[in-house]
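Visitor: predicted model, plus sequence, below.
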Amino acid sequence: MVSATGSAAAAAAEPLIEVRGVDYAVGGRPIFSGLDLSVRRGRITAVLGPSGTGKTTLLRLITAQILADRGSVRAFGSEVAQLSVPQVYALRRRMGMLFQNGALLTDLSVFENVAFPVREHTDLPEPLVQKLVLTKLQAVGLRGAAQLMPAELSGGMARRVALARAIVMDPEVLIYDEPFVGLDPISLGFILRLIKRMNDALGITSIVVTHDVAEVSTIADDAYLLSGGRVAAAGTPAELRGSASPAVRQFMSGGAEGPVAFHYPAPDYLAQLLAEA
């Protein structure tokens with residue numbers, strides 16, 4: 001007989017998202033080659049890596065915007081590649097997405113931006129929509145900005161409105177695509193605390209895609225470092241920082257010298273200059 005504590009621990013360890021042996025290429029250029037990772041229920045999972053390692057591509061695979069060339073992507077126990085169009089829409093309704101640039105609708109007020117998913121996917125009466133939207137705006141500290149337009153918002157405020165919109169449908173999984181880009185230190189600290197607080201208070205599962213190691217290390221439970229089309233390292237942020245791998249140490253410390261080259265592969269510089277002279 002399994003105890004209540006054991007059942008809770010098993011549920012917490014259950015992976016909601018599983019990526020196994022995934023290959024994916026664009027125009028013949030491999031992005032992933034045998035990618036494996038899991039996102040566990042109730043935890044904050046950070047996906048790290050330099051620019052161009054496929055972090056946003058991974059999100060597109062998870063949300064069925066694209067399909068893997070080979071391998072398995074499972075979400076909520078279902079094989080994503082086998083879902084019908086209505087099932088894909090149902091899958092996405094279980095997820096909230098904070099886009100890299102916020103992606104607010106510029107002709108709609110803050111209130112209407114947050115209300116947009118509710119109006120699109122439900123038939124809730126207007127008084128209930130209003131209460132729901134104001135509750136989410138209160139959670140991100142912007143209830144007083146409900147009637148402002150996106151052009152009147154600072155970068156940090158726009159990101160918080162986008163976050164309110166991402167959580168308005170009470171998703172089971174919340175996805176953040178580079179949530180810290182362009183934020184001042186105060187806004188960045190606020191967003192970090194908000195991610196952690198909402199994950200704990202709402203009992204959701206979060207995926208944070210970023211290259212900001214120091215920031216996400218303060219809130220992430222699990223971390224994956226992508227390099228060369230696969231997972232170069234996995235574990236807690238502390239375990240990644242203590243890794244013996246030179247490539248992992250270089251990325252986690254932000255070092256300029258190491259096995260990860262700054263320059264994209266190219267012919268010999270001097271020879272190319274002389275050949276084109």
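Guide: That came in fine, so what should we check first? Residues are numbered from 1 along each chain as shown.
Visitor: let me see the contact set for the residue nearest to residue 184 when sequence neighbours are not counted.
Guide: Leaving aside its chain neighbours, residue 184 sits nearest to residue 156 (6.4 Å; criterion: C-beta to C-beta, 6 or more residues apart in numbering). Glycine gets a C-beta too; all of them are placed from N, C-alpha and C. Residues in contact with residue 156 (C-beta atoms under 8 Å, 6 or more residues apart in numbering) are 183, 184, 186, 187, 188, 190, 191.
Visitor: can you check the pLDDT for residue 156?
Guide: What the model reports as pLDDT for residue 156 is 80.
Visitor: that older thread, ok, so of the contacts of residue 156, who is nearest residue 138?
Guide: residue 190 (14.3 Å; C-beta to C-beta).
Visitor: for the closest one, which non-adjacent residue is spatially closest?
Guide: Residue 190 sits nearest to residue 156 (C-beta to C-beta, 6+ apart), 7.0 Å away.
Visitor: one more: residue 141?
Guide: residue 160 (6.7 Å).
Visitor: next one: residue 70
Guide: In space, residue 70 is closest to residue 23, 4.1 Å off (C-beta to C-beta, 6+ apart).
Visitor: what's the answer for residue 87, then?
Guide: residue 78 (7.4 Å).
Visitor: low-confidence ranges, the chain, go.
Guide: 1-13, 102, 246-247, 249-265, 276-277 (pLDDT under 70).
Visitor: quick one, phi psi at residue 29?
Guide: Main-chain torsions, residue 29, degrees, to the nearest 10: phi -100, psi 120.
Visitor: dig out what it forms beta bridges with.
Guide: For residue 29, the residues forming beta bridges with it (DSSP bridges) are residue 26.
Visitor: how close does it sit to residue 37?
Guide: Using C-beta to C-beta, to the nearest Å, residue 29 is found at 21 Å from residue 37.
Visitor: compare these two (neighbour count), which wins?
Guide: Between residue 29 and residue 37, residue 37 has the larger neighbour count (other C-beta atoms under 10 Å), namely 20 against 6.
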